[in-house]
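In: Let me see the structure of the following:
(2 chains)
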Protein chains: 2
Amino acid sequence: MSEIARKILDGDVRALARAATWVEDGRPEAEGLLQELFPRTGHALTIGVTGPPGAGKSTLCDQLIAALRAEGKTVAVIAVDPSSPYSGGAILGDRIRMQRHHDDPGVFIRSMATRGWLGGLVRTAAEIIMLLDAAGRDVVIVETVGVGQGEVDIAKLADVTLVVLAPGMGDDVQTIKAGIMEIAQVFIINKADQPGADRLKIQIQSSLDLAHGPKPEIVETVALEGKGITEAIAAVRRYQASAADPDRSAKIWATRLREMLRDRLLDRYPAEDFLTAGRDVAEHRRDPYSILHDWLKSKN
Amino acid sequence: MSEIARKILDGDVRALARAATWVEDGRPEAEGLLQELFPRTGHALTIGVTGPPGAGKSTLCDQLIAALRAEGKTVAVIAVDPSSPYSGGAILGDRIRMQRHHDDPGVFIRSMATRGWLGGLVRTAAEIIMLLDAAGRDVVIVETVGVGQGEVDIAKLADVTLVVLAPGMGDDVQTIKAGIMEIAQVFIINKADQPGADRLKIQIQSSLDLAHGPKPEIVETVALEGKGITEAIAAVRRYQASAADPDRSAKIWATRLREMLRDRLLDRYPAEDFLTAGRDVAEHRRDPYSILHDWLKSKN
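Out: Residues are numbered from 1 along each chain as shown, chains lettered A, B, ... in the order given. Sure thing, here's the model as predicted:
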């Protein structure tokens, strides 16, 4: 076993941070390390936390961390920051709320920025979860901002996904429409002491009535005051117990293996080739099908 | 040249419909046909029309068709119906508004349902656009419902994308946030005679102020009364003239070729293999990296 793998298994936080950087930078050493560590994974509970900006996700995460630490669990947080020109840099500032845990070796916090390509981010997040799992973290929280497809894909990496909403955001119904209903296993109505919380709950419930499958629990919290946190964790564990489904886990891995294979197959073709061929097709010098035919022949 | 290709080039609508079915069903004959027809493509103007349900997209499309027909242009419409459990079947009903054109051979309307896998739909839509282009349609309108990633990907197939919004939907700002700002080349404020239209315009403008790049035009319409339609078409043509960029077209083809190659490479691996391997990894019998290693070796 390599030295870094041994250190990570021993709980060395600096080795863990270095390995996470290898993964983010796509360094070739990352793959061998993940292969070494894989047999030691499969123990962590992964909790996805998502929802629109302003719902109070960071405050909720902060409180979840505190409650889990009080139980003696070790925790890691992966905070994913979309760098859309429409969200700006404000979100990283929000993360300051979690900083009070920074001196606690039982809490490992890692921020990831998207830099545009969410597809790659999903892979990176999946691999960092594997590292944290092997390192013996009991709970890994993956916090994403927003409700786009990329965030949905990242949420699917988690064992249990919390969708955090809050009243008075003026966009309740639209948020519910935008595809996050499907990924919620537990709904959190945060800021539940504020006007509109009851209306929001009714809206969620009536949307759930339209949906198929098991109904997610709805938990009301006031994260700023630490209210409802124990109930949220209990709901997570109830879901986890009810969803212990080996088929689901096999399907998730089937999808992930397919994506990993796809990336590796495409890596064999230089990026310039696509641009050159794209120009040929755009200018009608060649048809796309004969180009594909040549590409497939060349690598087989 | 095959008989069906000749018929399509002659404007035979039934041959066109049959070819579109081949494409949708993934029939092997489709690819040879597209290869034959490719040299005859590149003339149609493709207009994407997207936006949230209720904004009046079908009515707008109906009016765009009428205006383009009055100019003597031939038109085709690809109407993409997401089959999300949250939208239901109401949208196909809406399409009835376009039915008045059904007896006009200068208008070809094709509905496509997503059946879950939007990725495949993008490819299918791209290939049907090629058929319609080769068949000599002057304008191809691609109408999609909703603002998810799949719809965004389909919108990118178009030369010019219209994002249709309407006042009083209570979700203006959220819709603007949800990633459709980036794809709009022309904004349509439909139902512009209704209260809130001015506020919506200000919201769009202030969102645009935050964005980089050229600012899309904003056109106000009352589609039900045929108001603003000429202006919308003029804005489309101004954008088209300003965006005549061979680099953009080369880049679009580069991306599409990459996706086509990816699908063909993955087609070589039976779907069962992914499930079996997924089960092995989920149950920790094997690590994902050694499986990938074997797969890559087996086909090379």
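In: Show me what counts as buried in stretch A:25-34.
Out: Buried positions in stretch A:25-34, judged by neighbour count with 16 or more other C-beta atoms under 10 Å in any protein chain shown: A:30, A:31, A:33, A:34. In this view, the C-beta of every residue, glycine as well, is placed from N, C-alpha and C.
In: Domain ranges for chain A, per the record?
Out: A:1-40, A:42-247, A:256-298 (automatic domain parsing).
In: ranking the ones you listed by mean pLDDT, which is last?
Out: Note on the domains of chain A: domain A:42-247 shows the lowest mean pLDDT, a mean of 81.
In: Now the terminal residues of it, how far apart.
Out: 15 Å (C-alpha to C-alpha, to the nearest Å).
In: Centre of the chain to that domain, how far?
Out: Centre-to-centre, domain A:42-247 and its host chain are 8 Å apart (C-alpha atoms, centre = their mean, to the nearest Å).
In: Phi first, then psi, for the closest residue to residue A:189 other than its chain neighbours.
Out: Distances taken as C-beta to C-beta, 6 or more residues apart in numbering or on different chains place residue A:220 nearest to residue A:189, at 4.8 Å, with adjacent residues excluded. Dihedral angles of residue A:220 (phi, psi; degrees, to the nearest 10) stand at phi -100, psi 130.
In: give me every residue that touches residue A:220.
Out: A:188, A:189, A:192, A:197, A:201, A:228 (C-beta atoms under 8 Å, 6 or more residues apart in numbering or on different chains).
In: Neighbours of the residue nearest to the fourth one when sequence neighbours are not counted, how many?
Out: Leaving aside its sequence neighbours, residue A:197 sits nearest to residue A:167 (C-beta to C-beta, 6+ apart; 4.5 Å). As a burial measure, residue A:167 scores 21 neighbours (other C-beta atoms under 10 Å in any protein chain shown).
In: Pretty sure residue A:167 sits in a helix.
Out: No. Residue A:167: not assigned to a helix; according to DSSP: H, G, I helix; E, B strand; the rest coil it is coil.
In: so where do the helices sit in the stretch 151-300 of chain A?
Out: A:172-175, A:197-210, A:229-242, A:246-267, A:271-282, A:288-298 (DSSP state H, counting those that start in this stretch).
In: Make CSV out of those helices and add mean neighbour count.
Out: As requested, the helices of the stretch 151-300 of chain A are exported to CSV (neighbours: other C-beta atoms under 10 Å in any protein chain shown):
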stretch, mean neighbour count
helix A:172-175, 21
helix A:197-210, 15
helix A:229-242, 16
helix A:246-267, 17
helix A:271-282, 18
helix A:288-298, 15
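In: JSON lines for those helices, including distance to residue B:250?
Out: Below are the helices of the stretch 151-300 of chain A laid out as JSON lines (distance: least, C-beta to C-beta, whole Å):
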{"stretch": "helix A:172-175", "distance to residue B:250": "36"}
{"stretch": "helix A:197-210", "distance to residue B:250": "43"}
{"stretch": "helix A:229-242", "distance to residue B:250": "48"}
{"stretch": "helix A:246-267", "distance to residue B:250": "19"}
{"stretch": "helix A:271-282", "distance to residue B:250": "4"}
{"stretch": "helix A:288-298", "distance to residue B:250": "12"}
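In: of all those helices, which lies closest to residue B:132?
Out: helix A:288-298 (16.5 Å; C-beta to C-beta).
In: Show me what that closest one packs onto, helices and strands only.
Out: helix A:271-282, helix B:29-37, helix B:246-267 (3 or more C-beta pairs under 8 Å, 6 or more residues apart in numbering or on different chains; DSSP states H and E).
In: sorry, back to before: let me know which of the helices of the stretch 151-300 of chain A is the nearest to residue B:12.
Out: That would be helix A:288-298 among the helices of the stretch 151-300 of chain A, by C-beta to C-beta, at 22.5 Å.
In: now that closest one, how far from the chain's geometric center?
Out: Distance, centroid of helix A:288-298 to centroid of chain: 36 Å (C-alpha atoms, centre = their mean).
In: Equivalent analysis for stretch A:233-252, please.
Out: With C-alpha atoms, centre = their mean, you get 16 Å for stretch A:233-252.
In: which other residues reach that stretch?
Out: A:45, A:47, A:64, A:67-68, A:156, A:159-160, A:162, A:185-186, A:214, A:216-217, A:219, B:275, B:278-279, B:281-283.
In: one more time with 10 Å
Out: Stretch A:233-252 is contacted from outside by A:42, A:45-47, A:63-64, A:67-68, A:71, A:73, A:126, A:139, A:156-162, A:185-188, A:214, A:216-219, A:228, B:274-283, using C-beta atoms under 10 Å, 6 or more residues apart in numbering or on different chains.
In: Then stretch A:18-35?
Out: With C-beta under 10 Å, 6+ apart as the criterion, stretch A:18-35 contacts A:2, A:4-5, A:7-8, A:12, A:15, A:37, A:41, A:76, A:78, A:108, A:110, A:112-113, A:115, A:120-121, A:123-128, A:130-132, A:134-135, A:260, B:287-290, B:292-293.
In: could you redo the last one with a cut-off of 6 Å?
Out: A:5, A:110, A:124, A:127, A:128, A:130, A:131, B:287, B:289 (C-beta atoms under 6 Å, 6 or more residues apart in numbering or on different chains).
In: and chain A, which of its residues are near chain B?
Out: Taking C-beta under 6 Å from any C-beta of the partner chain as the contact definition, chain A meets chain B at A:31, A:35, A:38, A:42, A:85, A:148-149, A:171, A:174, A:178-179, A:249-250, A:253-254, A:257-258, A:260-262, A:265-266, A:274-275, A:277-279, A:281-282, A:284, A:287-289, A:292, A:295.
In: ok, back up a step: who wins for proximity to residue A:103 among the helices of the stretch 151-300 of chain A?
Out: Closest among the helices of the stretch 151-300 of chain A, using C-beta to C-beta: helix A:229-242, at 21.2 Å.
In: In which helix or strand does residue A:110 reside?
Out: strand A:107-113 (DSSP states H and E).
In: Which residue, other than its chain neighbours, is closest to residue A:129?
Out: residue A:140 (5.5 Å).
In: on contacts alone, who are the packing partners of the strand or helix carrying the one you found?
Out: Here residue A:140, judged by DSSP H and E, is contained in strand A:139-144. Under the contact criterion of 3 or more C-beta pairs under 6 Å, 6 or more residues apart in numbering or on different chains; DSSP states H and E, strand A:139-144 touches strand A:45-50, helix A:57-70, strand A:75-81.
In: could I get those as CSV with mean neighbour count and distance to residue A:205?
Out: Formatted as CSV, those follow (neighbours: other C-beta atoms under 10 Å in any protein chain shown; distance: least, C-beta to C-beta, whole Å):
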stretch, mean neighbour count, distance to residue A:205
strand A:45-50, 24, 20
helix A:57-70, 21, 21
strand A:75-81, 25, 29
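In: Can I get those in CSV including distance to residue B:206?
Out: Below are these laid out as CSV (distance: least, C-beta to C-beta, whole Å):
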stretch, distance to residue B:206
strand A:45-50, 26
helix A:57-70, 25
strand A:75-81, 23
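In: nearest to residue B:57, of those?
Out: strand A:45-50 (28.5 Å).
In: What lies in contact with that closest one?
Out: By C-beta under 6 Å, 6+ apart, strand A:45-50 touches A:57, A:61, A:129, A:139-144, A:151, A:155, A:158-163.
In: Just the buried ones from those residues?
Out: A:57, A:61, A:129, A:139-144, A:151, A:155, A:158-163.
In: Let me see the contact set for residue A:166.
Out: A:55, A:56, A:190, A:191.
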